[in-house]
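K.L.:
just coords:
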């Protein structure tokens, strides 16, 4: 066991855990934050997608040691302090995207990252950025529509701002 | 092969159907109402009004994406004349009033939730509304006709009365024999409400799935199971696992090995260090290939049971034309792997999980643990996908047994590999489709379906919930065996077709060697629509007819099929696809709804690409139009996965696939544009969760024939 520190949704986290433990299980089992989902354990389905300094990663196959000193954002971190939703979340609600909903945390984290880097994505851009996220309910038509809708109004949240609080 | 089909679910003691939870309340009739508080007004099991003014709806159907959470609230809210989002929704415990009239148990499946709740739930809500109006009328000394309920308040003219203030008086009111329901023309929400009430929770990570349940100090458990179906544990060595970080305990649980550790990762890592020897059991040496060959042989040599005969055999004149159709086993692959959290104590056992059949789970846990049901508490959650998988309760029982034997609170988590290899699969099935063609018309269609029986495996599970507890276990198995040979799921969709050929006959031959089987979204229709609508397309070409014209010419012009198919062809601009694209179509009735789909494909360079699916559905009265659209899109993508990718294979009685690299699911870049049109209807609601799935595989295969001239008769579709 080693003491590891990183920033999670803007808050400093320090815990004793085997550094090879996938970030997903640190988030779910050690920190009891359940918005990030387990789907495959091999980075094949995207249900566990979180952001590392704003970039999407598959936390089920990302050892927690890779997060040391970095800023991690989960679905819980998209909501602002007043409880306001991220525009992508608003678009998801507006378009009734979720069905069973299990994959949607990962879908939304991928979509937010896409729009951060490409504010006006084409259908082909969406295919490229979102094909790592499986939805067994097949909500793809609505995901596509919601991303286009959000593209107009996405506001930027700054994952780098989280770094200020990183404990060393 | 001489192996008898083995039953995979075994229980030692049978139990009765009605149950009383360990909660006792006054004034609530013979069976206590779930989640009741004595200060509440509770006219029935579905609804309660609390002193704080909150109206709570007991959600008696599992929410697994299909929209029951919103649909049930919408139906109840309509009669309460308040927006659906004003209701507080609670996952229901078991209660006899929640038993589904189709299944005789409390179960979510068969696309029945809205259909079977439409009357009773609206009546339950109308009863609550009536009691409140009656109480207000009595209090004010006015006629009840002058009292109305609107948006959470009771109004006597302009005078506003809070419902909670009427609770005591409402208890004394009498309900009329028939509580009047709103006329359809007065609906404010049914057919109009388009939001999903669970959307916010599901986009913020707050939705509570089974895997998200928390219990202080709960350990993570993983289970190492025999990979060969029906096999057993010979021996295991856990010494390396026991010294693995975080491991608390390793124990044998009913022929499998459980590893308990501080977190999932530790448990999984330790489990990988266990060496196990298995007895392969009755399916040793059995492969999918051999089972397929056996079904073809059975189709040639066995008559089976005749399921349908329409017209006279003598009418089957002309030249015989026949073809074999085949589909493989399929896994459900819900995104949330199976899991359950269980805590055993001297008081009994408490379990948190996502289940489609809470009552069946109660029965199964009681049988497996010997803990009487009054001491079993089950908490249902949102399901991260169901599709029929969570009707089975193997994972709930496993967690209960691990908790019972270890004495520790445990969260059992299946890996994706566990989930893929220990499912209850869509049956691998074959049909010998035959027709007689007399000149340019078809005089008969004669079908022989060959498949193992879901019913034969599942019925003993059902009867244990339905029949008296003193019946010995053999009785249930016997009923299963008797029923297996006439499994309705094996031929649903092949019989009662809209086609009026002079002679129609369907037979079912049961294959008695099988992997564990279960209900997979649209069940028998999932393969039989492919068989039927693929073969109908062949018959159109055999008789030189346009596939649309051939279908319409052979069905009743007044039928729903005719209307749905005609509309789909019109909306898809049938016969005029964009350059380089080709079209195929299919129409199929399932779960009371009729769906037609037109698929546009291209097949450049041997690569099948689905561009667009046009879907028309007649599902009776619609509750939430956008959920219907979503379910059609969902069913189509589910069906496309099966048509293009899905295949579980057996080797030596074990599943060869493991995760999403070798059991692939459709991704967004492969998902077509899907255009859904709902036909208006004044009929009562019919199924929505499943009927979108069956037509897409045959429509796609028919489009591929149009594009390439290759008639593909086996799923998944592969160009030669």
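P.N.:
Sure, I can see it. Worth saying up front: this structure is predicted, and the values here are computed from it rather than measured.
K.L.:
Can you tell me how far residue B:705 is from chain A?
P.N.:
To chain A, residue B:705 is 24 Å away according to Cβ to the nearest Cβ, to the nearest Å. Using the backbone N, CA and C atoms, a C-beta is placed for each residue, glycine as well.
K.L.:
Wait, that residue touches residue B:540, no?
P.N.:
No. Taking contacts as Cβ atoms under 8 Å, residue B:705 lies outside contact range of residue B:540: 10.3 Å.
K.L.:
Now do the contacts for the residue lying closest to residue B:439 once chain neighbours are set aside.
P.N.:
With Cβ to Cβ, 6 or more residues apart in numbering or on different chains as the criterion, residue B:439 has its nearest non-adjacent residue at 7.0 Å, and that residue is residue B:318. Applying Cβ atoms under 8 Å, 6 or more residues apart in numbering or on different chains, we find residue B:318 in contact with B:436, B:437, B:438, B:439, B:443.
K.L.:
Could I get these in TSV, plus columns for secondary structure, neighbour count and pLDDT?
P.N.:
Formatted as TSV, the contacts of residue B:318 follow (DSSP: H, G, I helix; E, B strand; the rest coil; neighbours: other Cβ atoms under 10 Å in any protein chain shown; pLDDT from 0 to 100):
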residue	secondary structure	neighbour count	pLDDT
B:436	strand	21	98
B:437	strand	17	98
B:438	strand	15	97
B:439	coil	10	93
B:443	strand	18	98
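K.L.:
so which of those residues comes closest to chain A?
P.N.:
residue B:437 (37.9 Å; Cβ to the nearest Cβ).
K.L.:
Could you give the bridge partners of that closest one?
P.N.:
Beta bridges link residue B:437 to residue B:319, residue B:442, judged by DSSP bridges.
K.L.:
pretty sure it is touching residue B:543, no?
P.N.:
Yes. Under the criterion of Cβ under 8 Å, residue B:437 makes contact with residue B:543 at 6.3 Å.
K.L.:
now the helices for chain A?
P.N.:
Secondary structure of chain A (DSSP state H): helices located at A:23-25, A:87-94, A:104-117, A:123-130, A:140-153.
K.L.:
got the ones you listed as TSV, with mean pLDDT columns?
P.N.:
Shown next, in TSV, are the helices of chain A (pLDDT from 0 to 100):
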stretch	mean pLDDT
helix A:23-25	98
helix A:87-94	96
helix A:104-117	98
helix A:123-130	98
helix A:140-153	94
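K.L.:
Tell me which of those lies nearest to residue B:405.
P.N.:
Closest of the helices of chain A to residue B:405 is helix A:23-25, at 24.5 Å (criterion: Cβ to Cβ).
K.L.:
The residue of the stretch 601-720 of chain B found nearest chain A in helix, strand or coil?
P.N.:
Proximity of the stretch 601-720 of chain B to chain A (Cβ to the nearest Cβ) peaks at residue B:637, 2.6 Å away. Put simply, residue B:637 is helix when judged by DSSP: H, G, I helix; E, B strand; the rest coil.
K.L.:
pLDDT wise, what is it at?
P.N.:
Residue B:637 carries a pLDDT score of 98 in this model.
K.L.:
Which residue does chain B have closest to chain A?
P.N.:
Residue nearest to chain A within chain B: residue B:205 (2.0 Å; Cβ to the nearest Cβ).
K.L.:
What ranges in chain A fall below the confidence cut-off?
P.N.:
By pLDDT under 70, the weakly predicted segments of chain A are A:1, A:154-168.
K.L.:
Following the record's annotation, map out the domains of it.
P.N.:
Annotated domains of chain A cover A:2-78+A:157-165, A:87-153 [automatic domain parsing].
K.L.:
Tell me if the first one is near chain B.
P.N.:
Yes. Judged by Cβ under 8 Å from any Cβ of the partner chain, domain A:2-78+A:157-165 comes into contact with chain B through A:18, A:21-22, A:25, A:28-30, A:32-42, A:44-45, A:47, A:74-76, A:78.
K.L.:
Give me every residue in the stretch 101-250 of chain B lying close to chain A.
P.N.:
With Cβ under 8 Å from any Cβ as the criterion, the stretch 101-250 of chain B meets chain A at residues B:194-196, B:198-207, B:209, B:211-212, B:214, B:220, B:245-246.
K.L.:
Isn't the residue of the stretch 601-720 of chain B closest to chain A up against residue B:668?
P.N.:
No. Look at residue B:637 against residue B:668 with Cβ under 8 Å: they stay out of range, at 9.6 Å.
K.L.:
how about residue B:586, what does it touch?
P.N.:
If you count contacts by Cβ under 8 Å, 6+ apart, then residue B:586 has B:529, B:533, B:537, B:596, B:597, B:694, B:695, B:696, B:698, B:699, B:702 around it.
K.L.:
mind redoing it with 7 Å?
P.N.:
Applying Cβ atoms under 7 Å, 6 or more residues apart in numbering or on different chains, we find residue B:586 in contact with B:529, B:533, B:597, B:695, B:698, B:699, B:702.
K.L.:
do residue B:446 as well
P.N.:
By Cβ under 7 Å, 6+ apart, the residues touching residue B:446 are B:434, B:505.
K.L.:
element containing it?
P.N.:
Applying DSSP states H and E as the criterion places residue B:446 in strand B:441-451.
K.L.:
next structured bit after that strand?
P.N.:
Using DSSP H and E, the next helix or strand after strand B:441-451 towards the C-terminus is helix B:454-466.
K.L.:
just checking, what packs against that following helix?
P.N.:
Judged by 3 or more Cβ pairs under 7 Å, 6 or more residues apart in numbering or on different chains; DSSP states H and E, the packing partners of helix B:454-466 are helix B:358-369, helix B:473-484, helix B:488-491.
K.L.:
What segments of chain A are strands?
P.N.:
Counting by DSSP state E, chain A has strands at residues A:2-8, A:11-17, A:49-52, A:55-58, A:71-73.
K.L.:
Show me what the shortest one is packed up against.
P.N.:
Right, the one you point to is strand A:71-73. Using 3+ Cβ pairs under 7 Å, 6+ apart, strand A:71-73 is in contact with strand A:2-8, strand A:49-52.
K.L.:
possible to save those strands as JSON lines with mean neighbour count and distance to residue B:603?
P.N.:
Listed next are the helices and strands packed on strand A:71-73 as JSON lines, based on neighbours: other Cβ atoms under 10 Å in any protein chain shown; distance: least, Cβ to Cβ, whole Å:
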{"stretch": "strand A:2-8", "mean neighbour count": "18", "distance to residue B:603": "48"}
{"stretch": "strand A:49-52", "mean neighbour count": "26", "distance to residue B:603": "33"}
